[in-house]
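> the following block contains a protein sequence and its predicted model.
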Amino acid sequence: MLLRLGQVAFRLTERRLSELGLRTRHYTLLKILEAEGPLSQLQLSTRSRIDATTIVSAVDDLEGAGLATRTRDETDRRRWLVALTEAGRSTTDRADALIEQLGTEMFADLEPGQSRELGTLLGMLNSGTALAKLADDPTR
């Protein structure tokens, strides 16, 4: 059931974000940069759990759209740091509003208390260690 709901949610998110010229992976990276500030591409890959090859392509897209910049890390010239631009912040705000509206529509069959409870439970799973351990273990 979670797999099916995840597939539907992903498809709906992709469709909604396309209004801004974004894909889900772009939004994920923008949100990480918004929360944490400039990061290396490797750090972005680790935090987002998006493979390194895809990160390069996604950062290329964000940079091309003027939503992020890439600069050499002054402490390690081998690394590139990715940072959000003002246009990236503005786009992230607009994307947040689209995603919030989508969430309201997706959870329309739930009572307000049930929707809050589901959000709390999903947040606990997302920030917990069990799923992270499974996701990061290459043998699983």
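Happy to help now that I have it. Quantities reported herein were computed from a predicted structural model and do not represent experimental measurements.
> check whether Gly66 sits in a helix, strand or coil.
Secondary structure, DSSP: H, G, I helix; E, B strand; the rest coil: Gly66 is coil.
> and for it, nearest residue in space, chain neighbours not counted?
Nearest in space to Gly66, with sequence neighbours left out and distances taken as C-beta to C-beta, 6 or more residues apart in numbering, is Ala87 at 4.8 Å. Using the backbone N, CA and C atoms, a C-beta is placed for each residue, glycine as well.
> in this structure that neighbour contacts Leu67, no?
Yes: assessed by C-beta atoms under 8 Å, Ala87 is found in contact with Leu67 at 5.6 Å.
> among those two, which residue is more densely surrounded?
Leu67 (25 against 13; other C-beta atoms under 10 Å).
> against Ile55, how distant is the more buried one?
As judged by C-beta to C-beta, to the nearest Å, Leu67 and Ile55 stand 15 Å apart.
> likewise for Thr24?
Separation of Thr24 from Ile55 (C-beta to C-beta) stands at 14 Å.
> those two: who's more crowded?
Taking other C-beta under 10 Å, Thr24 and Ile55 do not tie; Ile55 has more neighbours (21 against 17).
> quick check, that one in contact with Ser48.
Yes: Ile55 sits in contact with Ser48 when judged by C-beta under 8 Å, with a separation of 7.3 Å.
> what packs against the helix ranked longest in the chain?
If you go by DSSP state H, the chain has its longest helix at helix 86-106. Counting contacts by 3 or more C-beta pairs under 8 Å, 6 or more residues apart in numbering; DSSP states H and E, helix 86-106 is packed against helix 2-17, helix 24-36.
> any chance of TSV for these, columns mean pLDDT and distance to Asp96?
Shown next, in TSV, are the helices and strands packed on helix 86-106 (pLDDT from 0 to 100; distance: least, C-beta to C-beta, whole Å):
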stretch	mean pLDDT	distance to Asp96
helix 2-17	95	11
helix 24-36	97	8
